[in-house]
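Asker: just a sequence and a predicted model for now, questions to come.
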Amino acid sequence: MRDRVYRTEAVIIRRSDVGEADRVLTILTPLGKQRVVARGARKISSRLAGHIELFTHATLMLAIGRNLHIVTQSNPLERFDRLRTDLERIGAAYYAAELVDRLVEEADENRRAFALLLATLRSLDAGAAADLTLRAYELHLLDALGYRPQLHICAVCGELLTESTDRFSASAGGAVCPRCAIADRQAPPMSLPAFKLLRYLQAQPPEIAGDLRISPATRAEAERLMRAYLHQILERDLRSLAFLEDVRLTQHLAEPDHADTTGMRRFAQGDNDDSN
Amino acid sequence: MVGSMHTANETQILTEPVARLIEEFSRLPGIGPKTASRLTFFMLRAPDEAARSLAEALIALKQQVHFCARCYFIAQGELCVVCTSPARDQRLICVVEEPLDVVAIERTGVFRGLYHVLHGRIAPLEGMNREDIYFDELLDRVRTEPVEEVILATNPNLEGEATAFHLQRALAPLGVRITRLARGLPTGGDLEWADPGTLSSALEGRREL
C-alpha cells in the first residue's frame, strides 16, 4: 500500500482557479502529467501561493486525495525569475508548457519530456534566443513522444535526402525528396538553410540552439514549417500562439528603434526588420 | 452544461422542480452537485418569503445593474459611482482585473482616483488574449482623458504580471506615468514562511523609516 503522502519533482505547466480560493495545477513530473489541487492558494496569506507559480520547478509534497492529490508543501528548486520579467520569454514559456501539456497524456511516464521542458525553461531564463530554443524543444519533444519528423530520409519513399530537397510535407511526416515532391503538390517549399537548420537542431543537444547565428528569414521559415507540422499532429494551433503574435506586434509599436539589447528583437520576424 | 445532470429516474424521485433548481445552482462557480442539493433543500424548507426575495434580488440584479460605460465597474446608471463622483482625482487610473478588486481597493479608503476594470487578464493557456479583455478601451481612455498616471493593479501572479507588462508596453508611447502596485509581505505573516519571490521584492522595495 502506498503512503498517504509522497514527494515528487515537478514543473507547474498549467493552473486554473476552482472553488473559493483553490487552484488546480497541472504538473509535469518525470513520471508524467498529473493534476493536483492546491487548497487556499489564491488567498494573499497563502504560504503555498508563491511557491507554485506557473513554470516553477519544485519538489512537491502531495497527499493522496479522494479525487485529485493535494499539494501540502512546495520547495522551489528553480523559479526562472528572469524569464518572468520579459513578455516574449513569458510567451515562449507558455508555448513550451502548452505544447507538452497537449502532447503528453496523464500518468504517462516520460523522463525525457520532463528534462526537455526544464532545459528549455533554463535556456529561456538564461536569455537564449527564444525562437530557436523553441524550435529545438519542438523537435526533441516530438522525438521523445514518437512524432519525430523525417529530415534524413524522404517521408514518402524512404530514400536518403540530399541538398536538392526543397519540400516539407506535414501530412507525409517530414521532408520529401524531389521525386516524391512532384506527386505531392500540396507540400510547401522549404529552403536549404531552413532544411539544414531543422536537421541540425534535431541532431544536436537542445541547449546549443540559442548560440546559433541564423538569419531572421530562415528562423521565420523554420517556425512556419514546425507550426504546420504540429498543426497536423495536434489538429489545431496552440492557444499561446495568439499571445506570442500579439507580443511581437506590440513590441514593434512600443519601441520602434531601440538597440537589440536582449537578442530578442528579431524574434523570428523574417520580413519585418528594424530598418523602417 | 448541455442536458440534465440527473438521470430520468433521479428526476422522477427528486421531482422536476427540485432537480431543476439543483441544476441551476450547480452552474454557479465553486458549487458542486452536493452543495447544490443542500442549497435546494434549504430553500425548500425556508419560508416562501425567502424564496421570493431571492428570486427578486436575482431579477433586480440583471435588470438594474450593468457595467459602467467608462471604467467597466458595476453601475446602476450609465456611469458608476466612482466615475460620477466629483471628488475623485481624474488624473489617476487604477487598472484591476475584476470588479471585486475595486471593492477591495475601495475598502482601504486610500485611493482617490478612478478605476479601469479589465474583466479578466491575459492568460494564453485559457484562451484569454488582449481582445478578450477591456485592454484597448484603457488605451482609448488614456488618449482622451486628462490622465497623468496609470497604476497597474493586476494580480501579483504570472498572468497578472504578463498583463501588466503588456499594458505597460502599449501605454508607454502615450506619455503617461506608469506604476505597478508594490509587492511585499502580508500583514500578520512570518518572514520564515515567505516565498523567495515575495521576500526579494520586499527587499527591493524597502523604504526609509
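Answerer: Received it, and whenever you're ready, just let me know what you need.
Asker: for A:P178, which residues are in contact?
Answerer: Neighbouring residues of A:P178 by Cβ atoms under 8 Å, 6 or more residues apart in numbering or on different chains: A:164-167. C-beta coordinates here come from the backbone N, C-alpha and C atoms, glycine included.
Asker: equivalent analysis for A:R179, please.
Answerer: Here A:R179 is in contact with A:157, A:159 (criterion: Cβ under 8 Å, 6+ apart).
Asker: quick check: it is in a helix.
Answerer: Yes - membership of A:R179 in a helix is supported by DSSP: H, G, I helix; E, B strand; the rest coil.
Asker: how near is it to A:A172?
Answerer: Per Cβ to Cβ, to the nearest Å, A:R179 is found 13 Å from A:A172.
Asker: now the residue of chain B found nearest chain A: closest residue in space, sequence neighbours ignored.
Answerer: Per Cβ to the nearest Cβ, B:D195 is where chain B lies closest to chain A, at 2.7 Å. Excluding the flanking residues, the one nearest B:D195 by Cβ to Cβ, 6 or more residues apart in numbering or on different chains is A:G50, at 2.7 Å.
Asker: could you pick out the longest strand of the chain?
Answerer: You didn't pick a chain, so chain A it is. Ranked by number of residues, the top strand in chain A under DSSP state E is strand A:5-18.
Asker: ah, I was thinking of chain B
Answerer: Chain B, longest strand under DSSP E: strand B:89-96.
Asker: count residues in the vicinity of B:A55, would you?
Answerer: Neighbour count for B:A55, taken as other Cβ atoms under 10 Å in any protein chain shown: 10.
Asker: ugh, typo on my part, it should be A:A228
Answerer: Neighbours of A:A228 using other Cβ under 10 Å come to 15.
Asker: confirm it sits in a helix?
Answerer: Yes - per three-state DSSP, A:A228 lies within a helix segment.
Asker: re the thing from before, figure out how far the helix or strand following the longest strand of chain B is from the centre of its chain.
Answerer: The element immediately downstream of strand B:89-96 (helix or strand, assigned by DSSP states H and E) is helix B:99-108. Centre-to-centre, helix B:99-108 and its host chain are 9 Å apart (Cα atoms, centre = their mean, to the nearest Å).
Asker: tell me what helix B:99-108 is packed against?
Answerer: strand B:89-96, strand B:113-117 (3 or more Cβ pairs under 8 Å, 6 or more residues apart in numbering or on different chains; DSSP states H and E).
Asker: winner for burial among those?
Answerer: Neighbour counts (mean count of other Cβ atoms under 10 Å in any protein chain shown) averaged over each of these peak at strand B:113-117, with a mean of 23.
Asker: check whether the very next helix or strand once past that strand contacts chain A.
Answerer: Downstream of strand B:113-117, the first helix or strand assigned by DSSP H and E is helix B:136-144. No - judged by Cβ under 8 Å from any Cβ of the partner chain, helix B:136-144 stays clear of chain A, getting no closer than 10.7 Å.
Asker: buried stuff in helix B:136-144?
Answerer: B:137-138, B:141-142 (16 or more other Cβ atoms under 10 Å in any protein chain shown).
Asker: not counting its own residues, what contacts that helix?
Answerer: By Cβ under 8 Å, 6+ apart, helix B:136-144 touches B:70-72, B:93, B:95, B:116, B:118, B:130, B:147, B:150, B:167, B:170-171, B:174, B:176.
Asker: what about chain A: which of those residues touch it?
Answerer: Residues of the contacts of helix B:136-144 in contact with chain A (Cβ under 8 Å from any Cβ): B:130, B:170.
Asker: least confident pick among the contacts of helix B:136-144?
Answerer: Among those, B:R130 carries the lowest pLDDT, at 89.
Asker: next one: it from A:R148, what distance?
Answerer: 35 Å.
Asker: okay, those two: which has more neighbours?
Answerer: The neighbour count for B:R130 versus A:R148, taken as other Cβ under 10 Å, is higher for B:R130 (18 against 15).
Asker: give the buried residues for stretch A:211-220.
Answerer: A:212, A:214, A:216-220.
Asker: correction: stretch A:96-109
Answerer: Quick answer for stretch A:96-109 (16+ other Cβ under 10 Å): A:96-101, A:103-104.
Asker: using CSV, list the CA coordinates for the longest helix along chain B.
Answerer: Looking across chain B with DSSP state H, the single longest helix is helix B:48-64. Output of helix B:48-64 as CSV, limited to C-alpha atoms (Å, rounded to 0.1, in the frame of the first residue of the first chain):
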residue,chain,number,x,y,z
ASP,B,48,-42.0,31.4,0.9
GLU,B,49,-40.8,34.9,1.6
ALA,B,50,-37.1,33.9,1.5
ALA,B,51,-37.5,32.2,-1.9
ARG,B,52,-39.4,35.2,-3.3
SER,B,53,-36.9,37.7,-2.1
LEU,B,54,-34.0,35.7,-3.5
ALA,B,55,-35.8,35.5,-6.9
GLU,B,56,-36.5,39.2,-6.8
ALA,B,57,-32.9,40.0,-5.9
LEU,B,58,-31.7,38.0,-8.9
ILE,B,59,-34.1,39.7,-11.3
ALA,B,60,-33.2,43.2,-9.9
LEU,B,61,-29.5,42.4,-10.3
LYS,B,62,-29.9,41.6,-14.0
GLN,B,63,-32.3,44.5,-14.7
GLN,B,64,-30.7,47.3,-12.8
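Asker: would you mind listing what in the stretch 51-200 of chain A touches chain B?
Answerer: Near chain B, when you scan the stretch 51-200 of chain A using Cβ under 8 Å from any Cβ, you find A:51, A:53-55, A:76, A:79, A:81, A:84-87, A:90-91, A:94, A:97-98, A:101.
Asker: drop anything exposed from the residues you listed.
Answerer: Of those, these count as buried by 16+ other Cβ under 10 Å: A:51, A:53-55, A:76, A:79, A:84, A:86-87, A:90-91, A:94, A:97-98, A:101.
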